[in-house]
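Novice: here's my sequence, what's the structure:
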Amino acid sequence: MSDALFGVGKSILGDSLGAAKEAAQNALSKLKGKEPTFALMFATTGYDQNLLMQGFVQVFGNLPMSGCSGEGIITPSGSEEGSCVVAIMLFSGSEFKVCNFLTTGLKDNSYKCGEEIAESFNQCPISAKGSLMIFLDSMTANVTKVFEALEKKLTWKPLILGGTAGDMMKFQKTYQYHNGKVYTDAISAVLLPGDYQIDWLVSHGCEEIGFEQTVTKSDKNAIVEIDNQPAWEVFRKYLPGNPDIFKAEDAFHLCLGEVHKCDEPYGEQLIIRMPVGLEKKTGAVKFSVEIPIGCPIHLTRRDPQSIAENVLNAFKGLLERNKDKKVLAVFQYDCAGRGKVIYGDMINTVLFKPLQQLLDPDTPWIGFHTYGEIAPIGSKIFFHNFTAVIAVLFDK
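Specialist: Prediction:
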């Protein structure tokens, strides 16, 4: 039996320094006097991020920590997308003496950043047995290149989960946290060692539109042509009013589903990709990942009922196949486009309470609303949009 114990604390105070201290003390109170060995921290961007870190350090000193900013924060009380929300999960127990690292420079060379993370973990003195969580700057990363480096350079194959940071739908600047300091244009990563088991789900709730199409021309992380037509001309036909320009809100009406080719079916059969911009001169539609020539795709729309039903059924299935195991903690990385933008004030009633009611109300649960989610399907790691990734840590 593991001696692991987790504590989650939250604050919605508007004072940056005070909020971090309140969340920290709330998390400490759940550890029953045990000393924390590591912290995960997620916060929205209404705070002064440096003051937030000062508050953390004033409570915990040099305690190792990782995390990032989110569009909203997820705790045992559900989802909150206010401008001032911060949550901290503390880890304790002999098994959770983690290795965590940070690298910067994603905009200039995302592949190199992935290499640096891989090399750091290859040299980690603790056992390589465990899972890897990564949190990236959504505004600057080429996630495809990060994944390529991790797959090539890691000398072992951990489960990789995580998400890209958010900034209250401004799409301007996000933040990554590492050991009491704030960064941008960075990857914050942590290896969770230990003799535990982890199971996860991937669920999106997007419905296909029309027939399957093919990417016929692409340039890095931009689709130039679909079925030999300018990509924007294909997209705009499905947007309200057939617009001439791409607006941020268009991404919430329409996205792209990449048909994946795994050895075995695993839940959802589409990888959802959210457009993040338009190259006006060429009509190319930009994404956070590279989508190669020849890739089969569907245009898709989100369906609120399917979103709620799919993730609930997937979570029930996850718990059923692990019904004889003790739940230690839950981590949730859920797209910003699946929150209040769809459900408004009913978000917790419709989406989060049905999930959390399946477990004890005191279950440690933390996560954030992302600009992109990271999780495998089958044995291959993918970057997702408009998707929920929920991982449950079980006592082995």
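Novice: list the contacts of stretch 235-242.
Specialist: By Cβ atoms under 8 Å, 6 or more residues apart in numbering, the residues outside stretch 235-242 that reach it are 209, 243-244, 246, 250, 253-254, 275, 285, 299. Any C-beta I mention is one placed from the backbone N, CA and C, and that applies to glycine too.
Novice: out of these, which is most surrounded?
Specialist: In terms of neighbours by other Cβ atoms under 10 Å, these top out with Val285 at 25 neighbours.
Novice: pLDDT weak spots in the stretch 201-350 of the chain?
Specialist: Applying pLDDT under 70 to the stretch 201-350 of the chain picks out residues 248, 261-269.
Novice: quick one: strands adjacent to the lengthiest strand in the chain?
Specialist: In the chain, assigned by DSSP state E, the strand with the most residues is strand 206-219. Strands adjacent to strand 206-219 in the sheet, as given by DSSP bridges, are strand 222-226 (antiparallel), strand 296-302 (antiparallel).
Novice: of all the ones you listed, which one is nearest Leu150?
Specialist: Nearest to Leu150, of all these, is strand 222-226, at 22.7 Å by Cβ to Cβ.
Novice: the following helix or strand past that closest one: partners in the sheet, and parallel or antiparallel?
Specialist: Remark: after strand 222-226, the chain's next helix or strand is strand 229-230, criterion DSSP states H and E. Applying DSSP bridges, strand 229-230 is found paired with strand 222-226 (antiparallel).
Novice: contacts for the strand it pairs with next, please.
Specialist: If you take Cβ under 8 Å, 6+ apart as the criterion, strand 222-226 is touched by 213-218, 230-231, 234, 256, 279, 282-287, 291, 297.
Novice: quick one: distance of that strand to the chain centre.
Specialist: Mean C-alpha position of strand 222-226 versus that of the full chain (Cα atoms, centre = their mean, to the nearest Å) differs by 26 Å.
Novice: pick out the residue closest to the middle of the chain.
Specialist: Gly163 (2.2 Å; Cα atoms, centre = their mean).
Novice: just the pLDDT for that one.
Specialist: If you check Gly163, the pLDDT there is 97.
Novice: A strand includes it, no?
Specialist: Yes - per DSSP: H, G, I helix; E, B strand; the rest coil, Gly163 lies within a strand segment.
Novice: quick check: closest non-adjacent residue to Thr144.
Specialist: Glu290 (4.2 Å; Cβ to Cβ, 6 or more residues apart in numbering).
Novice: by contact count, what packs against the biggest helix by length in the chain?
Specialist: In the chain, taking DSSP state H as the definition, the longest helix is helix 304-320. With contacts defined as 3 or more Cβ pairs under 8 Å, 6 or more residues apart in numbering; DSSP states H and E, helix 304-320 has these neighbours: strand 196-203, helix 340-343, helix 353-356, strand 388-395.
Novice: send me the second one as PDB with only the CA atoms.
Specialist: Only the C-alpha atoms of helix 340-343 are listed here, as PDB (Å, rounded to 0.1, in the frame of the first residue of the first chain):
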ATOM      1  CA  LYS A 340     -18.600  28.500 -20.100                       C
ATOM      2  CA  VAL A 341     -18.400  29.500 -23.700                       C
ATOM      3  CA  ILE A 342     -20.800  26.600 -24.400                       C
ATOM      4  CA  TYR A 343     -22.600  26.000 -21.100                       C
END
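Novice: what is the subsequent helix or strand relative to that helix?
Specialist: Where DSSP H and E defines the elements, the next helix or strand beyond helix 340-343 is helix 347.
Novice: what packs against that next one?
Specialist: Contact partners of helix 347 among helices and strands, from 3+ Cβ pairs under 8 Å, 6+ apart: none.
Novice: run through who's touching it.
Specialist: If you take Cβ under 8 Å, 6+ apart as the criterion, helix 347 is touched by 78-79, 81, 339-340.
Novice: and the residues you listed, which is closest to Phe386?
Specialist: Comparing the contacts of helix 347 against Phe386 with Cβ to Cβ places Gly339 closest, at 10.8 Å.
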